[in-house]
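Chemist: Let's see this in three dimensions:
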Amino acid sequence: MRSERLGDDHPVTINSMSNLAAIVAKLGRDGEALSLAERALAGRLKSWPAGHPLITSSRVQVAELLMRLGRDGEAESLLLAAWAGAESDPGTSVEIRGKVLRRLVELYELRGQGDRAAEYRGAVERLEKALGGG
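Modeler: Alright, predicted model coming up:
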């Protein structure tokens with residue numbers, strides 16, 4: 001694996017771990033995917049400044065897996081941190097911002113928290129309107 005040549009904290013190794021987590025998740029092996037995604041997030045937290053879009057993306061990836069595993073409380077914390085990061089970094093793409101918001105809506109709908117879901121659904125709609133899509 002790349003970590004043997006480049007080291008566990010090298011950005012290429014971290015990106016490979018994140019990509020592998022996505023592949024393993026598609027195979028339905030969520031627990032294994034979560035472990036890889038968490039390692040990728042930990043590496044990105046060490047390597048990049050707070051709020052960096054790669055950290056935001058990793059938080060969403062881990063949160064999605066946590067939601068699939070029924071660990072909604074942990075997923076919520078990560079999604080809220082991802083949203084704070086997305087808001088604080090103007091370099092975060094609209095796609096990443098939209099993904100964070102949509103996952104928050106999904107989470108709160110699953111939990112029966114319609115008011116919270118509506119709050120983030122409104123943010124999605126504003127984002128889409130600003131892009132000319134709504």
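
Chemist: Enumerate every residue touching the residue lying closest to Leu104 once chain neighbours are set aside.
Modeler: Distance criterion C-beta to C-beta, 6 or more residues apart in numbering; nearest residue to Leu104, sequence neighbours excluded, is Tyr120 at 4.2 Å. C-beta coordinates here come from the backbone N, C-alpha and C atoms, glycine included. Tyr120 sits next to Leu101, Leu104, Val105, Tyr108 when contact means C-beta atoms under 8 Å, 6 or more residues apart in numbering.

Chemist: Report the secondary structure state of Tyr120.
Modeler: Under DSSP: H, G, I helix; E, B strand; the rest coil, the three-state class of Tyr120 is helix.

Chemist: so where do the helices sit in the protein?
Modeler: 2-6, 11-26, 30-47, 53-68, 72-88, 94-110, 114-130 (DSSP state H).

Chemist: deepest of those helices, which one?
Modeler: Counting by mean count of other C-beta atoms under 10 Å, helix 53-68 has the highest mean neighbour count of those, with a mean of 24.

Chemist: that older thread, which of the contacts of Tyr120 lies closest to Arg126?
Modeler: Nearest to Arg126 among the contacts of Tyr120 is Leu101, at 9.5 Å by C-beta to C-beta.

Chemist: That closest one and Ala81, how far apart?
Modeler: Plainly put, Leu101 is 14 Å away from Ala81 if you go by C-beta to C-beta, to the nearest Å.

Chemist: likewise Arg102?
Modeler: According to C-beta to C-beta, Arg102 stands 16 Å off from Ala81.

Chemist: ditto for Val60
Modeler: Per C-beta to C-beta, Val60 is found 10 Å from Ala81.

Chemist: Please apply the same query to Gly91.
Modeler: Counting by C-beta to C-beta, the gap from Gly91 to Ala81 is 17 Å.

Chemist: Low-confidence stretches in the chain?
Modeler: By pLDDT under 70, the weakly predicted segments of the chain are 1-7, 133-134.

Chemist: Perfect, that will be all.
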